[in-house]
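Trainee: Here's my sequence, what's the structure:
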Amino acid sequence: QVHLVESGGGLVQAGGSLRLSCAASGRAFSTRSVGWFRRAPGKEREFVADSNWSGGRTDYADSVKGRFIISRDNGQDTVYLQMNSLKPEDTAVYYCAATPPYGSTSGRYDYWGQGTQVTVSS
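Mentor: Below you'll find the predicted structure:
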């Protein structure tokens, strides 16, 4: 079992940056793959970025590649999403998620945070 809490969202102008944090509490966070997802108004939830348990392997959606960076600090049980060169189309509620222990980034995400709102003004 793991509990996830996102923070760091807010209102930013296009071209600006934000760093989202996802703090985990519970067991075995360092063995879980983690991901960031987002849901824009009127749209389906979509994948943004993920990281394997060590942070040594990451993947990004094409729409954010080169602008967003996912990282994790297993000593602090926290995963981050650094978002640069933000665009209005990045406006969404951002969620972090975690797999069961030893789960793959392409597998099932069983644990979800409550989300944090990111709004990018033009």
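
Trainee: Report the contact partners of the nearest residue in space to residue 102 that is not next to it in sequence.
Mentor: Of all residues not flanking residue 102 in the chain, residue 31 sits nearest, at 5.5 Å (CB to CB, 6 or more residues apart in numbering). C-beta here means a position set from N, CA and C on the backbone, and glycine is covered the same way. The contact partners of residue 31, by CB atoms under 8 Å, 6 or more residues apart in numbering, come to 53, 101-102.

Trainee: Drop anything exposed from those residues.
Mentor: Buried subset of the contacts of residue 31 (neighbour count, 16 or more other CB atoms under 10 Å): residue 53.

Trainee: Got the phi and psi for the residue nearest to residue 102?
Mentor: The phi and psi torsions at residue 31 (degrees, to the nearest 10) take the values phi -100, psi 0.

Trainee: gap between it and residue 103?
Mentor: Counting by CB to CB, to the nearest Å, the gap from residue 31 to residue 103 is 8 Å.

Trainee: just to confirm, which helix or strand has the nearest residue to residue 109 once chain neighbours are set aside in it?
Mentor: The shortest distance from residue 109 to any non-neighbouring residue, by CB to CB, 6+ apart, is to residue 97 (3.8 Å). In this structure, residue 97 sits in strand 92-98 according to DSSP states H and E.

Trainee: Contacts made by that strand with the rest, please.
Mentor: In contact with strand 92-98 (CB under 8 Å, 6+ apart) are residues 2, 4, 6, 9, 20, 22, 24, 29, 32-41, 43, 45, 48, 79, 81, 109-118.
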